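**Student:** got a structure for you, letters missing:
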């Protein structure tokens, strides 16, 4: 295959691929046998063989191939010129009208710091293992900054452990201020804001402690902590907006089809396994175990290839109900959006997998939400043994502390649930998970959030009799002031 033909290969070209290349040493052929990342018609990154050695290949095609190639090439050379650890660039080239390529030494067995983080993410906050991963990343970032460079697309996937070294990759995001001279304080704050904004928000209270790793490797500037926090919050808000914009468009994370007669959005990594269910959700609901069969919603548990899932169908009761619903986003869509919001913010929920809307000439009708099935207990069942009017045992402190953390996140992010009955909170792997999210909202107005939070708090406490010891315990622990969690 010629490089120009790759631009028409789509998202899943058939492997292995043989790509004809040419460079200053004469023609060559790349055997691409594994793809790592694909942007259809623009970029194909994978592992292959070239002249008898294993390489990581970046193949750039489409109208902007030359521009993207130059940016990748400049970034890779900046890292190498400043003697920062980065995979060796073995070959590069550009064929006018077809595209370009960069071939790097492949680091067999390398582990990204993102993979290392996921191995320790469930440990207690800032455990020794977590601090080791983040400290390693901050030391590498400090090394770049000391040489006048920064990574605009800074994340843990761009740092690779290999044979005792930490390698910097992805030259396309590497920028330079003054090569060989320390980065300015303003640029350092911006770049560190990008890094810290990607960490779980619960780690924010440890930011100053983590910053020590950076300052030990690059103490060029005194970094004002308040300014860094403002930058972290700014980037975090931007990242959330950017992520939520992706849930409704076709991209590497989501497969989305939208038209006059329907909407279908699916997590791309779940698409193949969910296809049978997406083709006929009503049949699966009929055959499933019904949790709820009300007028406005039907909820059923089904199994797809042995995996338990939940389908929630939002029904249309009649013409009057349809007239009130067809013109606005469906409750399924709102649940899809809020479920993805919670997942992005690190709040436990049933993972949203797909959403469907039936439409007629763009007018909305029935809608469906498909999520993972939570196998834990709801909080009513979980706390039932501790329900007493005359004192007695309290729920385990770990479960109460997890509830404190959940409410702290909701307060920090100004999120109201809208129906905080006990059956909508499930104990799942050491966290309280929220479900039934179609009334959830993230507020911009502090005043409106204060009112919504007060309603959520009252509804939550109403799960237990007001004269019970459990009700009184939770009333004391839950923040009364919506502006901040109480100690």
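**Tutor:** Received it, and whenever you're ready, just let me know what you need. Everything numeric in this text was worked out from a predicted model, so none of it was measured.

**Student:** longest strand anywhere in this protein?
**Tutor:** The single longest strand within the chain, with elements called by DSSP state E, is strand 26-39.

**Student:** For the residue nearest the centre of the chain, which non-adjacent residue is spatially closest?
**Tutor:** When the chain is reduced to its mean C-alpha position, the nearest residue by Cα atoms, centre = their mean turns out to be residue 344, at 4.7 Å. Leaving out its chain neighbours, the residue that sits closest to residue 344 by Cβ to Cβ, 6 or more residues apart in numbering is residue 243, at 5.2 Å. In short, each C-beta sits where N, CA and C put it, glycine included.

**Student:** which residue packs closest to residue 218, ignoring adjacent ones?
**Tutor:** Closest to residue 218 by Cβ to Cβ, 6+ apart is residue 142, at 3.7 Å.

**Student:** I meant to write residue 184 there.
**Tutor:** In space, and not counting its chain neighbours, residue 184 is closest to residue 177: 6.2 Å by Cβ to Cβ, 6+ apart.

**Student:** Could you verify my assumption that that neighbour touches residue 185?
**Tutor:** No - the pair residue 177 and residue 185 fails to qualify as a contact (Cβ atoms under 8 Å) at a distance of 11.2 Å.

**Student:** which regions of the chain sit below the pLDDT cut-off?
**Tutor:** Residues of the chain that meet the criterion pLDDT under 70 lie in 23-27, 318-325, 327, 362, 389-392, 482-487.

**Student:** residues making contact with the longest strand of the chain?
**Tutor:** When contacts are defined by Cβ atoms under 8 Å, 6 or more residues apart in numbering, strand 26-39 is touched by residues 11-13, 15-22, 43-51, 55-57, 59, 91, 101, 103, 252.

**Student:** Could I have the buried ones of those as ChimeraX selection syntax?
**Tutor:** Command for ChimeraX that selects the buried part of those, burial taken from 16 or more other Cβ atoms under 10 Å:
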select :13,17,19,21,43,44,45,46,47,48,49,50,55,56,57,59,91,101,103
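
**Student:** Narrow the contacts of strand 26-39 to those in strands?
**Tutor:** In this view, the contacts of strand 26-39 that belong to strands under DSSP E are 17-22, 43-50, 55-57, 59, 91, 101, 103.

**Student:** before we move on, the earlier item: count the residues that sit near the residue nearest to residue 184.
**Tutor:** 16 (other Cβ atoms under 10 Å).

**Student:** With residue 71 as the reference, measure out to it.
**Tutor:** 16 Å (Cβ to Cβ, to the nearest Å).

**Student:** Residue 386 now?
**Tutor:** As judged by Cβ to Cβ, residue 386 and residue 71 stand 59 Å apart.

**Student:** ditto for residue 474
**Tutor:** Residue 474 sits 54 Å away from residue 71, going by Cβ to Cβ.

**Student:** quick one: the helices in the stretch 201-350 of the chain?
**Tutor:** Taking DSSP state H, counting those that start in this stretch as the test, the helices found in the stretch 201-350 of the chain are 207-217, 225-246, 271-279, 281-287, 319-325, 331-345.

**Student:** between the second one and helix 207-217, how big is the angle?
**Tutor:** Read it as helix 225-246. Angle, helix 225-246 to helix 207-217, by axes from the mean of the first three to the mean of the last three Cα atoms, to 10 degrees: 110 degrees.

**Student:** Would you mark the buried spots in helix 225-246?
**Tutor:** Buried residues in helix 225-246, counted by 16+ other Cβ under 10 Å: 228, 231, 232, 235, 236, 240.

**Student:** Kindly report the same for the last one.
**Tutor:** The neighbour-count check on helix 331-345 (16+ other Cβ under 10 Å) flags 331-342, 345 as buried.

**Student:** Would you mind identifying the next helix or strand past it?
**Tutor:** Next helix or strand after helix 331-345 toward the C-terminus (DSSP states H and E): strand 352-360.
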